[in-house]
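1. next comes the sequence, and after it the predicted model I'd like to discuss.
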Amino acid sequence: MLPAGAAVGHAITTIESIGQTEAGRRVQRAWLDLEVVQCGYCQAGQIMAATALLQKIAAPTDQDIDRGMSGNICRCGTYRRIREAIKHAAKLTSTPKKGG
Ligand code: FES
C-alpha cells in the first residue's frame with residue numbers, strides 16, 4: 001500500500017485488468033480451480049497480492065506466502081485455500097489472454 005500521490009507517473013494495474021498479466025491469469029485460473037472464494041469481500045485484494053507475489057517469486061514457500069499476503073484479512077478464513085491456490089498458480093503454465 002502507498003499514498004495515491006506516490007503512484008503519479010507509474011503504470012497501475014487494477015483488479016479489473018489483472019487478467020491481462022500472465023501471472024494474473026494463472027492466479028485467476030487457480031482461484032477457480034480450487035474454489036477459493038467464499039463471500040468474495042476480500043478477494044480483489046487477495047488476488048492482487050497473490051499476483052504481485054508470483055511476479056516476484058516464481059515458486060513461493062509457505063513463509064513467502066505468509067509474508068506476501070500479510071495485510072490481507074479474510075473474515076471467511078479462506079487462508080488455507082488461498083495458500084493452496086498460490087502454489088497451484090505457481091505450477092500452472094501461462095494461458096493466452098482473452099481475445100488475443
Ligand atoms: S472470502 Fe469472505 S472475506 Fe474473504
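-> Nice, thanks for sending it over.

2. from now on I want contacts and neighbour counts done on CA atoms only, so please keep to that.
-> Will do.

3. what is the neighbour count of Gly77?
-> Here the count is done by other C-alpha atoms under 10 Å, and Gly77 has 10 residues near it.

4. measure it to the ligand for me?
-> 6 Å (C-alpha to the nearest ligand atom, to the nearest Å).

5. can you pull the contacts of that residue?
-> Listed by C-alpha atoms under 8 Å, 6 or more residues apart in numbering, the contact set of Gly77 is empty.

6. same question, Ile57
-> Counting by C-alpha under 8 Å, 6+ apart, Ile57 has no contacts.

7. how near is it to the ligand?
-> Counting by C-alpha to the nearest ligand atom, the gap from Ile57 to the ligand is 23 Å.

8. over to Gly19?
-> 19 Å.

9. isn't that residue up against Gln28?
-> Yes - shown here, Gly19 and Gln28 form a contact pair, counting by C-alpha atoms under 8 Å, at 7.2 Å.

10. how about the residues of the protein that lie near the ligand?
-> Val37, Gln38, Cys39, Gly40, Tyr41, Cys42, Gln43, Cys74, Arg75, Cys76 (C-alpha under 6 Å from any ligand atom).

11. name the nearest residue to the last one, ignoring sequence neighbours.
-> Counting by C-alpha to C-alpha, 6 or more residues apart in numbering, Gln38 is the residue found nearest to Cys76 once chain neighbours are left out, at 6.6 Å.

12. sweet, I'm off.
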